[in-house]
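[1] what shape does this take:
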Amino acid sequence: MPDQKQTDQIRSGKGFIAALDQSGGSTPKALALYGISEDAYSGDAQMYDLIHDMRTRIVNAPAFTGERILGAILFENTMDREMGGKPTAHYLWQDRGVVPFLKVDKGLMDEADGVRLMKPMPGLDELLARAAKGGIFGTKMRSVIDAASATGIRANVAQQFEIGKQIIAHGLVPIIEPEVTISITDKGAAETILRDEILAQLDALPDGGDVMLKLTLPEVANLYKPLVDHPRVLRVVALSGGYSRQEANARLARNSGVIASFSRALTEGLSAQQSDTEFNDTLNATIQSIYDASVAG
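    Here you go, the predicted model:
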């Protein structure tokens, strides 16, 4: 079963979830935004060393503590490394007061019926067992919605909850993330369908089968309030989804009970070339702005 102290922090704590889970496909872009171009490294090993250095610098910043950051989502490669001489998950919780999560999906299938489902996850049970043993509290998995297709969204949500039940069986809390693409013309309609499909799946969960939800900030404020209030939902968090941090924070503040789980918006403005003082000051201001938006509702 999930740790009770960590559960209480996620359920009722004030703050947000930091998304530090850029994987193989998104790491080069994350490094480029951080001021490290692709010609600065050769091969995956060097790339992952550099992104781990970036994440370590973020986690060790004075502002990165459980006072404002409730949890952090890690990439598998990060979980398998150390920070501060400890396995990353243990360091996050024991030294920074931040609850560790793990990204478990293997990327997306090609678009079909307006959605992109998750690719198969061979070895998921082994990964979940290793994560639970290694101090991970919960997991995250992302699929995508590109159109207001009722059948496509139903299949998308069904896949998320099917795997979510597998994760719950390992004593972990799944973050269900069916992301609605912010640029589609029928985004509002897609979000209404999505809310209703999630509610149907939540109503079918047994007592004790708690999940979290990670959703795109909706067109209609408080559209997801029924999800926030559902007894099977530990917390609803929002992804920035391509919005600037300013826009994401403004939208977030209009949605009661929803907190942030930003990735790119969290690292916006950080650079490998900054001095420690500049880096820490920038990150502190960013964390405060996201915290303020997360507690505004």
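
[2] and the helices in this protein?
    Assigned by DSSP state H, the helices in the chain fall at 4-12, 27-33, 43-59, 76-79, 88-96, 124-133, 150-168, 187-203, 225-228, 245-253, 264-267, 276-295.

[3] pick the most buried one from those.
    helix 264-267 (a mean of 24; mean count of other CB atoms under 10 Å). Glycine gets a C-beta too; all of them are placed from N, C-alpha and C.

[4] and the nearest residue to residue 41 once chain neighbours are set aside, how far is that from residue 222?
    Excluding its sequence neighbours, the residue lying closest to residue 41 (CB to CB, 6 or more residues apart in numbering) is residue 47, at 5.2 Å. Plainly put, residue 47 is 41 Å away from residue 222 if you go by CB to CB, to the nearest Å.

[5] got it, and residue 159?
    Distance from residue 159 to residue 222, counting by CB to CB: 27 Å.

[6] re earlier: so the residue nearest to residue 41 sits right up against residue 29, yeah?
    No - look at residue 47 against residue 29 with CB atoms under 8 Å: they stay out of range, at 11.4 Å.

[7] that older thread, list the contacts of the residue nearest to residue 41.
    27, 28, 31, 41 (CB atoms under 8 Å, 6 or more residues apart in numbering).

[8] again with residue 283
    Applying CB under 8 Å, 6+ apart to residue 283 gives the contacts 58, 61, 63, 64, 270.

[9] export those residues to JSON lines and tack on pLDDT?
    Formatted as JSON lines, those follow (pLDDT from 0 to 100):
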{"residue": "58", "pLDDT": "97"}
{"residue": "61", "pLDDT": "98"}
{"residue": "63", "pLDDT": "98"}
{"residue": "64", "pLDDT": "98"}
{"residue": "270", "pLDDT": "96"}
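
[10] would you turn those residues into JSON lines with distance to residue 116?
    Formatted as JSON lines, the contacts of residue 283 follow (distance: CB to CB, whole Å):
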{"residue": "58", "distance to residue 116": "29"}
{"residue": "61", "distance to residue 116": "34"}
{"residue": "63", "distance to residue 116": "35"}
{"residue": "64", "distance to residue 116": "32"}
{"residue": "270", "distance to residue 116": "29"}
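
[11] what's the closest of the residues you listed to residue 292?
    Lowest distance from residue 292 to the contacts of residue 283 (CB to CB) belongs to residue 63, with 13.3 Å.

[12] end-to-end on stretch 15-23?
    End-to-end distance of stretch 15-23 (CA to CA, to the nearest Å): 24 Å.

[13] residues in contact with it?
    Counting by CB under 8 Å, 6+ apart, 29-30, 51, 55, 58-59, 64, 66-78, 98, 101-103, 107, 140, 237, 239, 259-263, 266, 290-291, 294-295 sit against stretch 15-23.

[14] same thing with stretch 270-282?
    With contact meaning CB under 8 Å, 6+ apart, stretch 270-282 is reached by 34, 35, 36, 54, 57, 58, 61, 62, 63, 269, 283, 286.

[15] widest-spaced pair of those residues?
    Spatial extent of the contacts of stretch 270-282 (CB to CB) is set by the pair 36 and 62 at 23.0 Å.

[16] more neighbours, those two?
    Using other CB atoms under 10 Å, the more surrounded residue of residue 36 and residue 62 is residue 36, with 20 against 10.

[17] what's residue 60 sitting at in phi/psi?
    Residue 60 adopts backbone torsions of phi -80, psi -10, taken as degrees, to the nearest 10.

[18] check contacts around it.
    Contacts of residue 60 (CB under 8 Å, 6+ apart): 83, 84.

[19] hmm, residue 191 is touching residue 216, no?
    Yes - using CB under 8 Å, residue 191 is in contact with residue 216, at 7.4 Å.

[20] and for the two, which residues touch both?
    By CB under 8 Å, 6+ apart, the residues touching both residue 191 and residue 216 are residue 180.

[21] related to what we said a few turns ago, select from the contacts of residue 283 the one having the most neighbours.
    That'd be residue 64 among the contacts of residue 283, by other CB under 10 Å, with 24 neighbours.

[22] and that residue, how far from residue 209?
    31 Å.

[23] so can I have JSON lines of the helices of the chain showing distance to residue 174?
    Compiled in JSON lines, those are given as follows (distance: least, CB to CB, whole Å):
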{"stretch": "helix 4-12", "distance to residue 174": "12"}
{"stretch": "helix 27-33", "distance to residue 174": "23"}
{"stretch": "helix 43-59", "distance to residue 174": "22"}
{"stretch": "helix 76-79", "distance to residue 174": "16"}
{"stretch": "helix 88-96", "distance to residue 174": "16"}
{"stretch": "helix 124-133", "distance to residue 174": "10"}
{"stretch": "helix 150-168", "distance to residue 174": "4"}
{"stretch": "helix 187-203", "distance to residue 174": "12"}
{"stretch": "helix 225-228", "distance to residue 174": "14"}
{"stretch": "helix 245-253", "distance to residue 174": "22"}
{"stretch": "helix 264-267", "distance to residue 174": "22"}
{"stretch": "helix 276-295", "distance to residue 174": "21"}
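
[24] right, I'll call it a day here.
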